[in-house]
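> Structure here, sequence nowhere to be found:
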RNA sequence: GGCCCCAUCGUCUAAUGGUUAGGACACGAGCUUUUCAAGCUUGUAACCCGGGUUCGACUCCCGGUGGGGUCACCA
């Protein structure tokens, strides 16, 4: 039997970080087993319809490298669908759900219900006051066939409800083992809503079956709904897929990760300059760890190591400090050229146009201490315009004003006298300056500290050689000059 | 509240009856160094509690406690 997994989000306008992990695990399993990963859009709630949400979802999935093998994709900004088992957008499959719901009615496993939401609400309130379980009282179950068809033909608003069978229902979760629940605990679920749309419970079962899904990997919040789905599979006479319920991703206070307590949208993280591979790596390790002593995994390594049975059962707090570290690791692994490409969109968005050569040099010099790509926006400023700083900063801790002045002038003189060719390579600049220091019996710190401050205006920065290289001869001399002036006055 | 799930350093986790309970992030110290970052070395820090089972429990069982999820014509 071939493995088919699916990611089935509702289009909310952004991709939740938890959904990213769910999606990832589905992709990993499918790829590892040579199966198919498909995407299905669960847009059966018309009230939550968000224009453009599907497009945005597809583009995000593409950006993080999790585009589906089958289902909707973006072509030239337009949503198209590929695959033989479509459509893959539930709102385009409405007649299908009705048909299956009616077949359940025909076999006596479901029934029409005409109760208004007002009645349902007040029923619920009464039950709450009486401290009873809030369940539908099955009033419409006892309607006669005649009355039902009469009210149906009068176009009275109605839903189709599942008639929950007696007994108990179990399923074998790939992560948690067997889970059993008494059917009496479960309400008579609405299958078809009065607006003609199916509920999640009906749609997910019908579609997973029709789309030949072998593994349903989804969040833990679905555990309590799974028995409903298992019952539907049984009623339809279908084999249920393997279920795997992932532990929740948590806020620092251990509640389910939510918007209120920080960013949860993958798009937000991307916009802040997190790399897709870092996000994937990080999220993959929330609840799963293939080896004891490795933190950095490429998606291929993850694919190879993925194992449903190794997934944790308990929730994992989303710790951005570790994400930052990981992102820095991935940035360090980029070549300066790659980094330029990644950083450009951030500069464009900030409305900053910078000469390509300068960007490349900044990237190459600042890379070791960047944790997010967006930092480039502020970084660039310091190279274009010297930040204002206290001239006292120019004086090294083991030296005085005169030392600083001497050093600055000395460096300026030396650089002016050098073959401009050294500016092609940081190494040459460094070698040349160190030679100068050595030849004149000077101390590194005494020369290099004032130089750093003169070039960066900061007390911590890349090395003065890198600074000079990035700035270029002309700007370097200009900054040395202005430092000399600042300190002499 | 009913039902369901879960429980190792602050956080992410390893360990599948016998380890000085390991690694990573964060934090502290040191080395390196012209600063910062990186890197290397290193320190602080955990088995929720109580009963069993066993020669022996972080590991298995039961109970408690704690946390979470879910109880819609939302997914």
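Yep, it's here. This structure is a prediction, so every number in the text was calculated from the model and none was measured.
> Contact partners for residue A:473?
A:415, A:420, A:423 (Cβ atoms under 8 Å, 6 or more residues apart in numbering). Where you see a C-beta, it was placed from the backbone N, CA and C, and this is true even at glycine.
> So what's the residue count around the last one?
When neighbours are defined as other Cβ atoms under 10 Å, residue A:423 has 18 of them.
> likewise the first one?
The tally of other residues near residue A:415 (other Cβ under 10 Å) stands at 21.
> three-state assignment of it?
Classification of residue A:415 by DSSP: H, G, I helix; E, B strand; the rest coil places it in helix.
> Of the contacts of residue A:473, just say which sits nearest to residue A:365.
Among these, residue A:423 lies closest to residue A:365 (Cβ to Cβ), at 13.6 Å.
> which element is residue A:302 on?
helix A:299-305 (DSSP states H and E).
> in that helix, what counts as buried?
Within helix A:299-305, the residues that qualify as buried are A:299, A:302, A:303, A:305, counting by 16 or more other Cβ atoms under 10 Å.
> Leaving out chain neighbours, which residue sits closest to residue A:430?
Leaving aside its sequence neighbours, residue A:430 sits nearest to residue A:465 (Cβ to Cβ, 6 or more residues apart in numbering; 4.0 Å).
> What distance do you get for that neighbour to residue A:439?
The span separating residue A:465 from residue A:439 equals 17 Å under the rule Cβ to Cβ, to the nearest Å.
> okay, those two: which has more neighbours?
residue A:465 (24 against 9).
> In contact with that one: list those residues for me.
A:426, A:429, A:430, A:433.
> What about RNA strand B: which of those touch it?
residue A:430 (Cβ under 7 Å from any atom of the strand).
> Same question for residue A:38, what's its three-state structure.
Strictly by three-state DSSP, residue A:38 counts as strand.
> Tell me, how many residues neighbour it?
When neighbours are counted by other Cβ under 10 Å, residue A:38 comes out with 25.
> got it, and residue A:406?
The burial count for residue A:406: 16, using other Cβ under 10 Å.
> Quick check: closest non-adjacent residue to residue A:41.
residue A:89 (4.4 Å).
> Isn't the one you found up against residue A:40?
Yes - under the criterion of Cβ atoms under 8 Å, residue A:89 makes contact with residue A:40 at 7.5 Å.
> Looking at the two, which is more packed in?
residue A:40 (27 against 18).
> Chain neighbours aside, what residue packs nearest to that one?
residue A:8 (4.4 Å).
> cool, residue A:242 as well?
For residue A:242, the spatially nearest residue (Cβ to Cβ, 6+ apart) is residue A:215, at 4.7 Å.
> With residue A:52 instead?
For residue A:52, the closest residue by Cβ to Cβ, 6+ apart turns out to be residue A:13, at 7.5 Å.
> Could you do residue A:459 as well?
residue A:393 (6.2 Å).
> That neighbour: what's it in contact with?
If you count contacts by Cβ under 8 Å, 6+ apart, then residue A:393 has A:453, A:457, A:459 around it.
> out of those residues, which are buried?
The neighbour count (16+ other Cβ under 10 Å) marks A:453, A:457 as buried among the contacts of residue A:393.
> For RNA strand B, state which of the contacts of residue A:393 is nearest.
Taking Cβ to the nearest atom of the strand as the measure, RNA strand B sits nearest to residue A:459 out of these, at 5.0 Å.
> so that closest one sits right up against residue A:453, yeah?
Yes - between residue A:459 and residue A:453 a contact is recorded at 6.7 Å, counting by Cβ under 8 Å.
> Let me see the ranges of the strands in chain A.
A:4-7, A:36-39, A:71-75, A:78-82, A:110-113, A:159-162, A:168-173, A:177-182, A:190-192, A:215-219, A:242-246, A:249-250, A:316-317 (DSSP state E).
> buried sites along stretch A:69-79?
Buried residues in stretch A:69-79, counted by 16+ other Cβ under 10 Å: A:69, A:70, A:71, A:72, A:73, A:74.
> Let me have these in TSV, adding pLDDT as columns.
As requested, the buried residues of stretch A:69-79 are exported to TSV (pLDDT from 0 to 100):
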residue	pLDDT
A:69	97
A:70	98
A:71	98
A:72	97
A:73	94
A:74	95
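> pLDDT of stretch A:215-234, averaged?
What stretch A:215-234 shows for mean pLDDT is 97.
> Straight-line length of that stretch, end to end?
17 Å (Cα to Cα, to the nearest Å).
> Help me see whether that stretch makes contact with RNA strand B, please.
Yes - Stretch A:215-234 is in contact with RNA strand B by Cβ under 7 Å from any atom of the strand, via A:220, A:221, A:222, A:223, A:224, A:225.
> Now for the residue nearest in space to the middle of chain A: which residues touch it?
In chain A, the centroid-proximal residue (Cα atoms, centre = their mean) is residue A:266; its distance is 3.2 Å. Residue A:266 makes contact with A:14, A:15, A:16, A:17, A:19, A:20, A:60, A:64, A:279 under the criterion Cβ under 8 Å, 6+ apart.
> And residue A:310, by the same measure?
Contacts of residue A:310 by Cβ under 8 Å, 6+ apart are A:288, A:289, A:290.
> Grab the nearest non-local neighbour of residue A:179.
residue A:173 (5.6 Å).
> same check, this time on residue A:398
residue A:445 is the one closest to residue A:398 (Cβ to Cβ, 6+ apart), at 6.4 Å.
> Spit out the contact partners of the one you found.
A:396, A:397, A:398, A:399.
> Now residue A:429. Nearest residue, chain neighbours left out?
Per Cβ to Cβ, 6+ apart, closest to residue A:429 is residue A:465, 4.7 Å.
> and the one you found, what pLDDT?
pLDDT, residue A:465: 96.
> and what of residue A:488?
Note for residue A:488: predicted pLDDT of 82.
> hey, where'd the helices end up in the stretch 151-300 of chain A?
A:200-210, A:226-236, A:266-271, A:276-284, A:299-305 (DSSP state H, counting those that start in this stretch).
> Please apply the same query to the stretch 351-489 of chain A.
A:356-366, A:376-384, A:401-417, A:426-439, A:444-456, A:464-471, A:473-488.
> which one of those helices lies closest to residue A:283?
The nearest among these, by Cβ to Cβ, is helix A:376-384 at 24.0 Å.
> What residues sit buried inside that closest one?
Result for helix A:376-384 [16+ other Cβ under 10 Å]: buried residues A:376, A:377, A:379, A:380, A:382, A:383.
> coming back round to it: need the buried residues of helix A:299-305 in a markdown table (columns: pLDDT and distance to RNA strand B).
Formatted as a markdown table, the buried residues of helix A:299-305 follow (pLDDT from 0 to 100; distance: Cβ to the nearest atom of the strand, whole Å):
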| residue | pLDDT | distance to RNA strand B |
| --- | --- | --- |
| A:299 | 96 | 17 |
| A:302 | 96 | 14 |
| A:303 | 96 | 18 |
| A:305 | 94 | 12 |
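> and the stretch 1-150 of chain A, which residues reach RNA strand B?
Residues of the stretch 1-150 of chain A lying near RNA strand B (Cβ under 7 Å from any atom of the strand): A:8-10, A:42, A:44-45, A:47-48, A:115-117, A:120, A:124, A:131, A:133-136.
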